[in-house]
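In: show me the folded form of this:
(one chain, ligands or ions: 1)
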Amino acid sequence: MKRTLSILGSSGSIGQQTLKVAQACGHRVAAITVNRSVELAEAQARQFQPRLAAAADERAAAELRVRLADTTVKVLSGEEGVLEAAALAEADTVVTAIVGVAGLRPTLAAIDGGKRIALANKETLVCAGELVMAQAEQTGAEIVPVDSEHSAIFQCLQGCADRGEVRRLILTASGGPFFGKSREELAQVTRAQALRHPNWAMGEKITIDSATLMNKGLEFIEAMRLYSMPPEKIQIAIHRESIVHSLVEFEDGAILAQLGSADMCLPIQYALTWPERTPGPAKPLDLLSCPPLTFQKPDPETFRCLGLALECAERGGTSTAILNGANEAAVALFLEEKITFLDISRLVEAALERVPVVKSPSLDDIFQADCAAREAVYHCVR
Ligand code: MG
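Out: The predicted structure is shown next:
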């Protein structure tokens with residue numbers, strides 16, 4: 001089935017790969033949004049001829065409007081523009097590839113519209129998972145994960161009508177560039193080293209999250225929300241080869257896994273075509289040239305971000321929004337080379353100590369927790 005897409009965050013790594021899939025598989029692109037990547041947005045708009053192109057940044061939108069003046073593409077600006085793209089009537093599928101909690105409102109707008117959500121914005125589920133899933137249930141919006149681990153689990157769960165048959169979900173983790181290092185060694189690592197992921201080419205924020213293992217902590221919470229699983233039914237296994245993308249163990253002891261090359265085009269495409277499968281641009285996996293597959297225990301003490309995320313997974317309420325907001329702020333500071341690698345977990349931990357947790361939060365409580373967490377981080381580095 002051919003889909004009509006609205007791609008939120010089309011200039012990022014997932015956004016660009018979604019366009020690659022759309023082109024290879026013949027899906028139509030009705031809307032694209034960027035934050036301020038005007039040049040790329042112009043090129044994408046010229047190539048894919050969407051009805052709408054929005055830039056969240058007002059100045060970027062003004063420039064994009066000038067650049068696309070000779071086309072029929074309508075250019076919108078600000079959060080309003082992104083929300084309009086998320087709810088665009090002719091789009092049946094919204095790919096949420098915006099990084100961070102900035103993706104929350106647009107995702108909710110798409111859910112309100114009853115769209116299929118190809119969910120690539122894990123922060124949305126980490127901060128407001130219960131609200132998001134409840135709203136999707138109400139509007140009938142299908143949420144299909146793009147995150148490779150969650151897509152793997154989604155694929156393994158096909159044909160499983162009763163979640164009671166699931167004994168546990170096993171999330172694999174590459175371990176990132178610093179697997180096996182001690183705290184003393186981690187104290188010395190640089191921005192450039194942290195940005196060198198061994199297996200995956202991704203955006204900067206998620207690459208740093210992979211190096212701290214916060215990414216796996218966020219994915220643990222994401223899996224709890226997507227699949228309504230308690231934390232004790234989710235396990236993390238370090239799998240350095242990034243070939244097994246995750247697994248599901250059933251009550252009878254059978255374990256199903258999904259394997260593939262480290263290529264996001266496959267989970268992106270599956271989120272669009274599910275429950276169908278079609279040929280596409282993903283690099284095939286040659287089993288006979290694979291290295292031996294290994295699985296090891298994670299170390300949440302050395303990689304403190306993972307430990308903190310697992311604590312928040314148990315604690316619930318706004319603790320996961322505080323975790324996420326503090327992490328977003330700390331990672332931005334690390335990318336600006338204003339703090340060290342180990343400062344990231346130190347600042348997240350400080351924010352979790354300072355900001356009170358609200359149980360059963362409203363959307364406003366969640367945004368407030370996010371702001372307070374960022375403030376707490378800035379306060380600690382001042
Ligand atoms: Mg992932």
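
In: excluding sequence neighbours, find me the nearest residue to N121.
Out: G103 (3.6 Å; Cβ to Cβ, 6 or more residues apart in numbering). Placement of C-beta: from N, CA and C, glycine included.

In: kindly report the same for M202.
Out: What sits nearest to M202 in space, not counting adjacent residues and going by Cβ to Cβ, 6+ apart, is S13, at 5.3 Å.

In: surely the residue nearest to N121 is in contact with E123?
Out: Yes: with contact defined as Cβ atoms under 8 Å, G103 reaches E123; the gap is 6.4 Å.

In: these two: who's more crowded?
Out: A direct count of neighbours by other Cβ atoms under 10 Å for G103 and E123 places E123 higher, at 27 against 23.

In: residues in this structure within reach of the ion, list them.
Out: Contacts of the chain with the ion, taken as Cβ under 5 Å from the ion, map to D147, S148, E149.

In: contacts only, for the residue in the stretch 1-150 of the chain that the ion sits nearest to.
Out: Closest approach between the stretch 1-150 of the chain and the ion, counting by Cβ to the ion: D147, at 4.2 Å. Going by Cβ atoms under 8 Å, 6 or more residues apart in numbering, D147 touches L119, A120, K122, E219, E222, P267.

In: what's the burial count for the last one?
Out: Neighbour count of P267, defined by other Cβ under 10 Å: 28.

In: separation between it and S151?
Out: According to Cβ to Cβ, to the nearest Å, P267 stands 4 Å off from S151.

In: I'd say C371 and A326 touch.
Out: No: in this structure C371 lies outside contact range of A326 using Cβ under 8 Å: 10.9 Å.

In: assign V94 to helix, strand or coil.
Out: strand (DSSP: H, G, I helix; E, B strand; the rest coil).

In: shouldn't it be in contact with S10?
Out: No: the pair V94 / S10 is not scored as a contact, 11.8 Å apart, by Cβ under 8 Å.

In: how far is stretch 313-320 from where the chain is centred?
Out: Chain-centre distance of stretch 313-320: 18 Å, with Cα atoms, centre = their mean, to the nearest Å.

In: in that stretch, which residues are buried?
Out: Residues of stretch 313-320 classed as buried: A313, R315, G316, G317, T318, S319, T320 (neighbour count, 16 or more other Cβ atoms under 10 Å).

In: then stretch 64-75?
Out: For stretch 64-75, a neighbour-count test (16+ other Cβ under 10 Å) marks L64, R65, R67, L68, V73, V75 as buried.

In: contact partners for the third one?
Out: Translated: R67. R67 sits next to V38, E42 when contact means Cβ under 8 Å, 6+ apart.

In: give me that answer again for 10 Å
Out: By Cβ atoms under 10 Å, 6 or more residues apart in numbering, the contact set of R67 is V38, E39, A41, E42, A43, A45, R46, A53, V73, V75.

In: the last one now?
Out: V75 makes contacts with 41-42, 45, 52-55, 61-69, 81, as judged by Cβ under 10 Å, 6+ apart.

In: just the ones of these in strands?
Out: L52, A53, A54, A55 (DSSP state E).

In: and the two most separated of those residues?
Out: Maximum pairwise distance among the ones in strands among the contacts of V75 (Cβ to Cβ): 11.0 Å, between L52 and A55.

In: which residues do the two both contact?
Out: Shared contacts of L52 and A55 (Cβ under 10 Å, 6+ apart): I32, T33, V75, L76, G81.

In: surely A223 and S151 touch.
Out: No: look at A223 against S151 with Cβ atoms under 10 Å: they stay out of range, at 11.4 Å.

In: now for those two: what residues contact both?
Out: Jointly contacting A223 and S151 under the rule Cβ under 10 Å, 6+ apart are P145, S246.

In: just to be sure, E241 is in a strand?
Out: No: using three-state DSSP, the secondary structure at E241 is coil, not a strand.

In: contacting residues for it?
Out: Going by Cβ under 10 Å, 6+ apart, E241 touches T172, S174, P198, N199, L259, A262, C290, P291, P292, L293, T294, F295.

In: return the subset of the buried residues of stretch 64-75 lying in helices.
Out: If you go by DSSP state H, the buried residues of stretch 64-75 have L64, R65, R67 in helices.

In: re earlier: for the residues of the chain next to the ion, give me JSON lines that also has distance to A110 and pLDDT.
Out: Compiled in JSON lines, those are given as follows (distance: Cβ to Cβ, whole Å; pLDDT from 0 to 100):
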{"residue": "D147", "distance to A110": "17", "pLDDT": "97"}
{"residue": "S148", "distance to A110": "21", "pLDDT": "97"}
{"residue": "E149", "distance to A110": "22", "pLDDT": "98"}
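
In: of the buried residues of stretch 313-320, which belong to helices?
Out: A313, R315, S319, T320.

In: JSON lines please, covering the residues you listed and showing pLDDT and distance to N215.
Out: Output for those, formatted as JSON lines (pLDDT from 0 to 100; distance: Cβ to Cβ, whole Å):
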{"residue": "A313", "pLDDT": "98", "distance to N215": "14"}
{"residue": "R315", "pLDDT": "98", "distance to N215": "19"}
{"residue": "S319", "pLDDT": "98", "distance to N215": "18"}
{"residue": "T320", "pLDDT": "98", "distance to N215": "14"}
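
In: ok, these vs L352, which is closest?
Out: Of all those, S319 has the smallest distance to L352: 6.8 Å, by Cβ to Cβ.

In: hang on, the earlier thing: most neighbours among the ones in strands among the contacts of V75, which one is it?
Out: Counting neighbours by other Cβ under 10 Å, A54 leads those with 32 neighbours.

In: wait, that residue touches A86, no?
Out: Yes: A54 lies in contact with A86 (Cβ under 10 Å); the separation is 9.3 Å.

In: common neighbours of these two, please.
Out: Listed as contacting both A54 and A86 by Cβ under 10 Å, 6+ apart are S6, L8, A31, T33, P106.

In: now the last one, what's its secondary structure?
Out: Okay, so that is P106. What three-state DSSP gives for P106 is helix.

In: all set, thanks.
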